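>>> 3D, please:
(2 chains)
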Protein chains: 2
Amino acid sequence: MNRTKIAQLYADAESLGGSRVTVAGWVKSVRDMKNFGFVTLNDGSCFRDLQVVMNREDLANYDEISHQNVSAALVCTGTVKLTPDAPQPFELTAESIEVEGTSTPDYPLQKKRATVEFLRTQQHLRPRTNLFRAVFRIRSVAAASIHKFFQDRGFVYVNTPIITTSDCEGAGEMFRVTTFDPAHAPLLDDGTVDWSQDFFGKAASLTVSGQLNAENFAMAFGDVYTFGPTFRAENSNTTRHAAEFWMIEPEIAFADLNDDMDLAEDMLKFIITYVMEKCPDELNMLNKFVDKGLIERLTHVATSDFARVTYTEAIEILERAVAAGHTFEYPVSWGIDLQTEHERFLTEEHFKCPTFVTDYPAEIKAFYMRMNDDGKTVAAADCLVPGIGEIIGGSQREERLDVLERRIAELGMDEGQYKYYLDLRRFGSCKHAGFGLGFERMVMYLTGVGNIRDVIPHPRTVGNAEF
Amino acid sequence: MNRTKIAQLYADAESLGGSRVTVAGWVKSVRDMKNFGFVTLNDGSCFRDLQVVMNREDLANYDEISHQNVSAALVCTGTVKLTPDAPQPFELTAESIEVEGTSTPDYPLQKKRATVEFLRTQQHLRPRTNLFRAVFRIRSVAAASIHKFFQDRGFVYVNTPIITTSDCEGAGEMFRVTTFDPAHAPLLDDGTVDWSQDFFGKAASLTVSGQLNAENFAMAFGDVYTFGPTFRAENSNTTRHAAEFWMIEPEIAFADLNDDMDLAEDMLKFIITYVMEKCPDELNMLNKFVDKGLIERLTHVATSDFARVTYTEAIEILERAVAAGHTFEYPVSWGIDLQTEHERFLTEEHFKCPTFVTDYPAEIKAFYMRMNDDGKTVAAADCLVPGIGEIIGGSQREERLDVLERRIAELGMDEGQYKYYLDLRRFGSCKHAGFGLGFERMVMYLTGVGNIRDVIPHPRTVGNAEF
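Model prediction:
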């Protein structure tokens, strides 16, 4: 079919005025004025609709068309008519309209506004609504911007494994992957499962992070990134947690924490700028109907210098705020893990811009983060943004073999499990750093959508894995 | 650290002659000629190495540097000296060299050629070898080319779910995902597992394809694609099968099988052309050491028109070949599933170019493929390429509600499970089509590497999930 997409009509409207085109799409509405009528058509190629004008005298099947239900698929051939005085820059005067696929009067998404809760039960149809059309286009464009950002800088994209047999820390939050039927799994004499008979010859689970694998590749390519799904079997039913989500994890060699923060700041600004450039219609709709501060906030982040403050200074700022009468639900003192209320105070009320908090107490951070000279903090950096709190967690990695071995021993971890990771410190170790960006959290930030279930095509949360 | 990457030196060599730069990378070799010496350094930014020239009189630590082991990390500052008469266009005359991280004499990858089998046991180090440096750079560039191809055409990237509770066909080949300990899984009275108590409230597994989900989005956005991991719990230990691999699955609305083949052909040519443009050094090395016909074959595919032949015609061609004395291991007759030997005969010996075989018997294809008017074949198209056989499998999808319902009933499938899929045929159905490209098979094709274990960072196969 030699069809023209609606996106192309909007891109080339001027030059297409008067030309004959065929457009195929789905009905958003039909208005029948008896001898003429209007069909609003969307083909998914862009956010905007096409207005098709039909005259009874031109169409033998005028009545058939004027009775189509919402979401019917039509193929319309006609002439592009520029309408400089109308709200839309052009319309299509139909010569012929064919019904490709009908719809029914009980189509679940009628024009009346449906709640997002209802739409979550209609995940196969909700991308046809304005809200989800905007969200999922932005999700796609944001993903493209991330690949472009890293590829243009020479980073190598690494597909780290989804199924993993290492990383047994936090196993309680991991999903098992098995070919056993749990009703008939082979057991050892002590009553535990004989994993040696499972598919991989040992217990396997779904990855929670590709970082340790990415480090293998950073020590070869210098700059690498992952972008893939990760998993948490957390039994938490919040608006910000999903059991399956995508992460971006860059890892850079010959680089310290400042290089890491520079990279994170450049990346966030790039993503925002790119999406604002490619998706103005989607952002305008979201700014109007979902989050009235959206475009202002994104513009602010894309153009501000990010603040940088140590954890110790951040605690002092919070303590001064408490002394001055500000109340937090969670008490503030050196050593605590910052809560979202603390993070939002720092970035929204104190600094009023995106803020990196660095050099956290070692006790509240992961074993692989580089120990600072003070012996009690590590070279970590979390990025807090107004409206959401933490969006990125990063660190310089411990590159000193002896320090890392000591840390693994102190924490009672199994050194044998980390032989390969320690090898990287034996054979040409170098300063290196990286961070993780939760992709869904980024999409929430870009769209103003408050529930992670509404930025994932088919979300997986505790008790839910439909479609 | 204000360092210059080796890739940038090669890109801007002319203008950098005489300038002072700092380069950081890993030692490939050190040659000590007593009063001067050479360090071959690679920083992973490109395939090529940098030759660093050091003079004893310039370096206080000359002896320390000349005794470094393979893979030590060094930071070298010096002057770029153009060497128009030498094999390499320039070298670095060192002013200072610092050891960032030492290596050891027992570093596992010494200069002597290691076998790929041994290197599979050193997955954390093998990206440092020429072979894997080339393979994984090409893998990354190929992934980037795929996103670019689809994004430039306005396709929406959809992250279809990894954990799925549908698609119970072929459950024998699926991995279960569970938070149960199989030694203590809750059982129903009949002794089977009570999945209602599992994390998602029902049995879950790892996806084998995102296609049905992608169709949901194609009916909203028109053109979409997936690019993510998929899984098979097949107990097959071959050079072409992995338990975890990445797939690209575009899905296009208002499109038939010819549109689908046009898209597949354009995509394959785009990927090959893009990789040939971005990775000439990698391809030259692979062409020299791995597969001497590689560049010729890729050039041929990128510039040929693909042949198109129906399955019925293909069977006739094969039968004529048999009559003329050609022997196949598997007998040929209408109704068989084509074996790799048949596919390779068609594309390599008969057509001598990439070949689409279309309109296969319905019995050997999936339920969702569109039934042809003959009532016995379906609108499927597999793309066969010289040297490998099938690389793409695609089809036009059955868009007619009644035909699809009948097919689901005939095959004894559970219609309830496909309610959502059938909804797409109730509400604005349209002709649509799509295909699947196995990404690893594409990377094997691009690199000439014969074993899938060598194109995946950390491969997962039966009995193996290390790192």
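
>>> near chain B at all, stretch A:211-220?
Yes: for stretch A:211-220 and chain B, the contact criterion (C-beta under 8 Å from any C-beta of the partner chain) is met by A:213, A:216-217, A:219-220. Placement of C-beta: from N, CA and C, glycine included.

>>> swap in stretch A:96-114?
Yes: using C-beta under 8 Å from any C-beta, we find that stretch A:96-114 touches chain B at A:100-104, A:107-108.

>>> which one of the residues you listed sits closest to chain B?
A:Gly101 (3.4 Å; C-beta to the nearest C-beta).

>>> what segments of chain A are helices?
A:6-11, A:13-16, A:62-66, A:116-120, A:130-152, A:211-221, A:257-278, A:280-289, A:294-303, A:311-323, A:340-344, A:401-410, A:419-426, A:439-447 (DSSP state H).

>>> now the weakest link among these, please, by mean pLDDT.
Lowest mean pLDDT of the helices of chain A: helix A:13-16, a mean of 90.

>>> that one packs against which elements?
Using 3 or more C-beta pairs under 8 Å, 6 or more residues apart in numbering or on different chains; DSSP states H and E, the elements in contact with helix A:13-16 are strand A:73-82.

>>> what angle separates the strand it packs on from helix B:211-221?
30 degrees (axes from the mean of the first three to the mean of the last three C-alpha atoms, to 10 degrees).

>>> show me which residues of the stretch 201-350 of chain A are close to chain B?
A:201-202, A:204, A:206, A:213, A:216-217, A:219-223, A:228-229, A:231, A:233, A:235, A:243-244, A:246, A:253-256, A:259.

>>> from those residues, which land in strands?
Residues of these located in strands (DSSP state E): A:204, A:206, A:223, A:228-229, A:231, A:244, A:246, A:253.

>>> neighbour-wise, which one of the residues you listed leads?
A:Ala253 (30 neighbours; other C-beta atoms under 10 Å in any protein chain shown).

>>> doesn't A:Ser429 make contact with that residue?
No: at 9.8 Å, A:Ala253 and A:Ser429 do not qualify as touching, with contact defined as C-beta atoms under 8 Å.

>>> quick revisit: export the residues of stretch A:211-220 next to chain B as a markdown table, with columns for neighbour count.
Formatted as a markdown table, the residues of stretch A:211-220 next to chain B follow (neighbours: other C-beta atoms under 10 Å in any protein chain shown):
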| residue | neighbour count |
| --- | --- |
| A:Asn213 | 27 |
| A:Asn216 | 26 |
| A:Phe217 | 29 |
| A:Met219 | 29 |
| A:Ala220 | 26 |
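
>>> show me which of these is closest to A:Arg3.
A:Arg3 has its nearest neighbour among these in A:Phe217, at 43.0 Å by C-beta to C-beta.

>>> my guess is that closest one contacts A:Val224. True?
Yes: shown here, A:Phe217 and A:Val224 form a contact pair, counting by C-beta under 8 Å, at 4.5 Å.

>>> need the pLDDT of A:Gly172.
Looking at A:Gly172, the pLDDT reads 60.

>>> one more: A:Val455?
98.

>>> now it: closest residue in space, sequence neighbours ignored.
A:Val443 (4.3 Å; C-beta to C-beta, 6 or more residues apart in numbering or on different chains).

>>> right, and the one you found touches A:Ala142 too?
Yes: under the criterion of C-beta under 8 Å, A:Val443 makes contact with A:Ala142 at 6.0 Å.
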